[in-house]
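>>> Need a 3D model of the following:
(one chain, ligands or ions: 1)
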Amino acid sequence: MAKRVKGSKQRRGAFRAPQRMCIACRESDGKRDLIRLVRAADGVHLDESGKMSGRGAYVHPQVNCWEEALAGSLIQKALRTKISAENLTTLSASVSTLLQVTDESL
Ligand SMILES: [Zn+2]
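Here you go, the predicted structure:
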């Protein structure tokens, strides 16, 4: 068993990516390790390129984070918009495809 040292140095050298907070678990992570959502004129979309303009929010590419984000009003709050049921369905489908999970688990 390895000893656990509190405050031990983590690999900080390679840590240059901008940090963003996941709206579900509220943990910060590198921008590239999170999925961006963007508010567009016609609704909320997944921004896979990370380059769409508009107000954005970030969620980890993890089912539990998405469950939380899609179930509550976290996305609406973060993006200061309302999401229609239809938009939410489309969004869930895109997320499922992206995470390669079945619809039932999301
Ligand atoms: Zn998260």
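>>> Quick one: the strands in the protein, in order.
19-21, 28-30, 35-40, 43-47, 56-59 (DSSP state E).
>>> Of the ones you listed, which is nearest S84?
Closest approach to S84 among these (C-beta to C-beta): strand 43-47, 6.9 Å. For every residue, glycine as well, the C-beta is placed using N, CA and C.
>>> Serialize the strands of the chain to JSON lines and add fields for mean pLDDT, mean neighbour count and distance to A69.
Shown next, in JSON lines, are the strands of the chain (pLDDT from 0 to 100; neighbours: other C-beta atoms under 10 Å; distance: least, C-beta to C-beta, whole Å):
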{"stretch": "strand 19-21", "mean pLDDT": "95", "mean neighbour count": "15", "distance to A69": "12"}
{"stretch": "strand 28-30", "mean pLDDT": "94", "mean neighbour count": "14", "distance to A69": "14"}
{"stretch": "strand 35-40", "mean pLDDT": "96", "mean neighbour count": "20", "distance to A69": "8"}
{"stretch": "strand 43-47", "mean pLDDT": "95", "mean neighbour count": "19", "distance to A69": "11"}
{"stretch": "strand 56-59", "mean pLDDT": "96", "mean neighbour count": "23", "distance to A69": "5"}
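>>> bridging residues for the residue nearest to G54 when sequence neighbours are not counted?
Leaving out its chain neighbours, the residue that sits closest to G54 by C-beta to C-beta, 6 or more residues apart in numbering is V38, at 4.5 Å. Beta bridges link V38 to H45, G56, judged by DSSP bridges.
>>> Was I right to think V38 contacts E48?
No - using C-beta atoms under 8 Å, V38 is not in contact with E48; the gap is 10.1 Å.
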